[in-house]
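> just to be clear, the model below is a prediction. Sequence and coordinates:
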Amino acid sequence: MNETNRNMILAIVLSVVVIFGWQFFVAGPQLERAQRQAQIAAEQAAAANPGIATTTTTPSAPASGTATTPAETPATDTPVSFADRASAIAATSRVAIDTPAVVGSINLRGGRLDDLQLKKYTETIAKDSPIITLLSPSGAPNAYYVEQGWAAANGTTQVPDATTVWTVEGDARLTPTTPVVLSWNNGNGLVFRRTFAVDENYLFTVTQSIENSSGSDVALFPYSRIVREGTPHVSNFFVQHEGPLGVLGSNNLVSKKYSDMQNDKQIRLDNTTGWLGFGDKYWATAVIADPTQQINAQFTYLRSNNRDEYQTSFVETNPIVVATGGTAEDHSYVFAGAKEEAVIATYESSLKLDRLELLIDWGWFHFLTKPMFYLLRFLNGILGNFGLAMLALTVIVKLVFFPLANRSYASMAAMRRVQPEMKSIQERFKEDRAGQQQAMMELYKREKINPLAGCWPILVQIPVFFALYTVIFISLEMRHAPFFGWIQDLAAQDPTNVFTLFGLIPWNPTSLPLVGSLLHLGIWPLIMGVTMWVQMRLNPPPPDPTQAMIFNWMPVIFTFMLGSFPAGLVIYWSWNNFLSICQQYFIMKRHGADVDLFGNILTSLGLRKTPKPTT
């Protein structure tokens, strides 16, 4: 592969990266928002609530705010709207939750887990910043809650629903050492109890029990669900999923965008096992069935009370039959908290849960991403700075792949050595393609050259560096992690901006329509752009004007694209470019190439007309 062809391939690859990057980060999200707004405007004010199936089939979990009588369409319990979250919480009686990791309360109306905040995480790096709010009651802005219940196998059994007011038995405060028991008597011989237990992190164990003194056997289906009102803001980064997801037996990982749910309306997967819920960038909720139970899982979207509503739910496939005079109970779990890898892994192994690790989106190359994450976490523990750990990990990866990079350039150097003979063959066999190919193969065989040897080492490295990029992007440890100087949060964009003269001009250029998203350009994105441009100058500019133009503008485009990226990713990219420059310079010198970096820079800037050839 000669240098012209190699440059052409590189230019094509980079162009594709820019096109797809623009689609993912700019055009795609804008189109998605426009489609969502058009769809909302076209829909009626309310869609019909999904009913519960008849006694011949297993019912679905009821729609939010509904009763659970399966023989008829559930009556809608329209929630009262509140101006803010605090007002919604104050409007109902509650049981407090207090653990080392979370604080909140259980709503006695409906027996819902609908008030939860994460103690260890704040919204910003400011000292007075409020802690992260995960769950909020129905009626509050952006309501988000978890509910368990029963669906009757016939239309006569009265079961608790969203309007039921439960009574507390015993302790009125949920802690890791004191479970809370709620009870409700339907007045017809059935006593329902719902017991909540919580560990020191993010796992709630919910036990639902029934005492039957009604004089006849009762068949009930236990269900669990998560309801999320309003469409949350998502990053729309293609390396990480945000939205409804679950691992459901042989269906494996099921992940949907919020826009997908608006189109699909309802997805039901019967006779399966596992868990399902919602994943954000750093937080997640999931309802988890007992691993021994078969369930019917469902993802649902509806437009109700002039708002979007998303629901993930499951109903156990087989009913629990409670004989008269007997009792029965059912166990399920709720994960609600931060996506801490060690905590999630402990739950998965101790409770034998099916691939709960996929609450964290490890990406296509998970077999590479996870080991890199473990190494990054180890380095962070040693160095005490996530940014330094990230830079150290990049150096390690570069060292591991140095032999491949060396071999790649050795092959390119060999191809460059025989380039005069290749041109001679092309001239001699200008009209004979078959003869030209045969002569080329004889040349490769005589010189012991593999024309593809220079490409494969580069291709092998691509998944590894993509995995490294992914693990840095998804790492919860990067959130609010300081680096040095003005970078006090690696997960936030560089706070400096060249378009405000780094704070001297008091205006916000990002508020401008259309182009505002491109007008945040901090110091680190500029460093990244410069290092990328210098790296491309290690070789003389290509003779083709189109290729030369692409090479000149590519760093500029990437600089603006990465301007709004998290600072940690931009620092990683800049550091990787710098290491690539050093590595490539060393390898080229080692193989006898005459590297005229300064001269190539002058040529690119038009200050020297004739590039110095690389030997």
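Now that the structure is in, tell me what you want to look at.
> what about the helices in the stretch 351-500 of the chain?
Assigned by DSSP state H, counting those that start in this stretch, the stretch 351-500 of the chain shows helices spanning 366-383, 386-400, 402-417, 419-428, 433-447, 456-474.
> of these, which is nearest residue 231?
helix 456-474 (21.7 Å; CB to CB). Just so you know, the C-beta spots here come from the backbone N, C-alpha and C atoms, and that holds for glycine as well.
> show me the contact partners of the closest one.
237, 239-240, 281, 360-365, 368-369, 372-373, 376, 390, 393-394, 397, 401, 404-405, 407-408, 478, 566, 568-569, 572, 576 (CB atoms under 8 Å, 6 or more residues apart in numbering).
> report the buried members of those residues.
237, 239-240, 281, 360-363, 365, 368-369, 372-373, 376, 390, 393-394, 397, 401, 405, 408, 478, 566, 568-569, 572, 576 (16 or more other CB atoms under 10 Å).
> lowest-confidence stretch among the helices of the stretch 351-500 of the chain?
Of all these, the minimum mean pLDDT falls on helix 402-417 (a mean of 78).
> what are the ranges of the strands in the stretch 251-400 of the chain?
Ranges of strands in the stretch 251-400 of the chain, per DSSP state E, counting those that start in this stretch, are 253-255, 266-272, 275-279, 283-289, 295-304, 307-316, 320-322, 327-338.
> can you list phi and psi of the closest residue to residue 187 other than its chain neighbours for me?
Distances taken as CB to CB, 6 or more residues apart in numbering place residue 158 nearest to residue 187, at 7.7 Å, with adjacent residues excluded. Note on residue 158: its backbone torsions stand at phi -90, psi 120 [degrees, to the nearest 10].
> possible to save the strands of the stretch 251-400 of the chain as JSON lines with mean pLDDT?
Below are these laid out as JSON lines (pLDDT from 0 to 100):
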{"stretch": "strand 253-255", "mean pLDDT": "94"}
{"stretch": "strand 266-272", "mean pLDDT": "95"}
{"stretch": "strand 275-279", "mean pLDDT": "97"}
{"stretch": "strand 283-289", "mean pLDDT": "98"}
{"stretch": "strand 295-304", "mean pLDDT": "93"}
{"stretch": "strand 307-316", "mean pLDDT": "95"}
{"stretch": "strand 320-322", "mean pLDDT": "94"}
{"stretch": "strand 327-338", "mean pLDDT": "97"}
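> adding distance to residue 102, write those strands out as CSV.
What follows is the strands of the stretch 251-400 of the chain, written out as CSV (distance: least, CB to CB, whole Å):
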stretch, distance to residue 102
strand 253-255, 25
strand 266-272, 29
strand 275-279, 16
strand 283-289, 11
strand 295-304, 26
strand 307-316, 20
strand 320-322, 30
strand 327-338, 6
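> one step back: will you turn the helices of the stretch 351-500 of the chain into a markdown table that also has distance to residue 180?
Formatted as a markdown table, the helices of the stretch 351-500 of the chain follow (distance: least, CB to CB, whole Å):
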| stretch | distance to residue 180 |
| --- | --- |
| helix 366-383 | 35 |
| helix 386-400 | 37 |
| helix 402-417 | 58 |
| helix 419-428 | 78 |
| helix 433-447 | 76 |
| helix 456-474 | 34 |
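> of all those, which one is nearest residue 84?
The nearest among the helices of the stretch 351-500 of the chain, by CB to CB, is helix 456-474 at 31.5 Å.
> give the contact list for the residue nearest to residue 187.
Taking CB under 8 Å, 6+ apart, one finds 152, 186-188, 190 in contact with residue 158.
> could you do residue 556 as well?
Here residue 556 is in contact with residue 529 (criterion: CB under 8 Å, 6+ apart).
> and with 10 Å instead?
By CB atoms under 10 Å, 6 or more residues apart in numbering, the contact set of residue 556 is 529, 532-533.
> could you do residue 406 as well?
457, 583, 586-587, 590-591.
> buried stuff in the helix or strand encompassing residue 550?
Per DSSP states H and E: residue 550 is located in helix 545-561. Residues 547-548, 550-551, 554-555, 557-561 are the ones in helix 545-561 that count as buried (16+ other CB under 10 Å).
> got the CA coordinates for it in PDB?
In PDB, the C-alpha atoms belonging to helix 545-561 read as follows (Å, rounded to 0.1, in the frame of the first residue of the first chain):
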ATOM      1  CA  PRO A 545      -5.700  19.100  -3.600                       C
ATOM      2  CA  THR A 546      -8.900  17.500  -2.300                       C
ATOM      3  CA  GLN A 547      -7.000  15.300   0.100                       C
ATOM      4  CA  ALA A 548      -4.900  18.200   1.200                       C
ATOM      5  CA  MET A 549      -8.000  20.300   1.900                       C
ATOM      6  CA  ILE A 550      -9.600  17.400   3.900                       C
ATOM      7  CA  PHE A 551      -6.400  17.100   5.900                       C
ATOM      8  CA  ASN A 552      -6.300  20.800   6.600                       C
ATOM      9  CA  TRP A 553      -9.900  21.200   7.600                       C
ATOM     10  CA  MET A 554     -10.400  17.900   9.600                       C
ATOM     11  CA  PRO A 555      -8.700  19.200  12.800                       C
ATOM     12  CA  VAL A 556     -10.800  22.400  12.600                       C
ATOM     13  CA  ILE A 557     -14.000  20.500  12.300                       C
ATOM     14  CA  PHE A 558     -13.100  18.100  15.100                       C
ATOM     15  CA  THR A 559     -12.100  21.100  17.300                       C
ATOM     16  CA  PHE A 560     -15.600  22.600  17.000                       C
ATOM     17  CA  MET A 561     -17.300  19.200  17.400                       C
END
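> right, and the strands of the stretch 251-400 of the chain - which one's nearest residue 203?
Closest approach to residue 203 among those (CB to CB): strand 327-338, 5.8 Å.
> quick one: strands adjacent to the closest one?
Strand 327-338 sits in its sheet next to strand 203-212 (antiparallel), strand 283-289 (antiparallel), going by DSSP bridges.
> identify, out of those, the most deeply packed stretch.
Of all the strands paired with strand 327-338, strand 283-289 carries the top mean neighbour count, a mean of 25, counting by mean count of other CB atoms under 10 Å.
> nearest to residue 524 among the helices of the stretch 351-500 of the chain would be which one?
helix 386-400 (11.0 Å).
> so that closest one versus helix 456-474, what angle?
170 degrees (axes from the mean of the first three to the mean of the last three CA atoms, to 10 degrees).
> buried ones among the contacts of residue 158?
152, 190.
> just the ones of the contacts of residue 158 in strands?
Members of these lying in strands (criterion: DSSP state E): 152, 190.
> for residue 268, state which of the contacts of residue 158 is nearest.
residue 152 (19.5 Å).
> so the closest one touches residue 221, yeah?
Yes: counting by CB atoms under 10 Å, residue 152 touches residue 221, with 7.8 Å between them.
> identify the residues contacting residue 577.
527-536, 555.
> scan the helices and strands of this protein for the one with the lowest mean pLDDT.
For the chain, using mean pLDDT, DSSP states H and E, the weakest element among its helices and strands is helix 28-42, scoring a mean of 39.
> dead centre of the chain: give me the residue that sits there.
residue 240 (2.9 Å; CA atoms, centre = their mean).
> mind listing what the residue nearest to that one when sequence neighbours are not counted touches?
Spatial nearest neighbour of residue 240, excluding adjacent residues (CB to CB, 6+ apart): residue 361 at 4.8 Å. By CB under 10 Å, 6+ apart, the residues touching residue 361 are 237, 239-242, 245, 253, 255, 279, 281, 339, 369, 470, 473-474.
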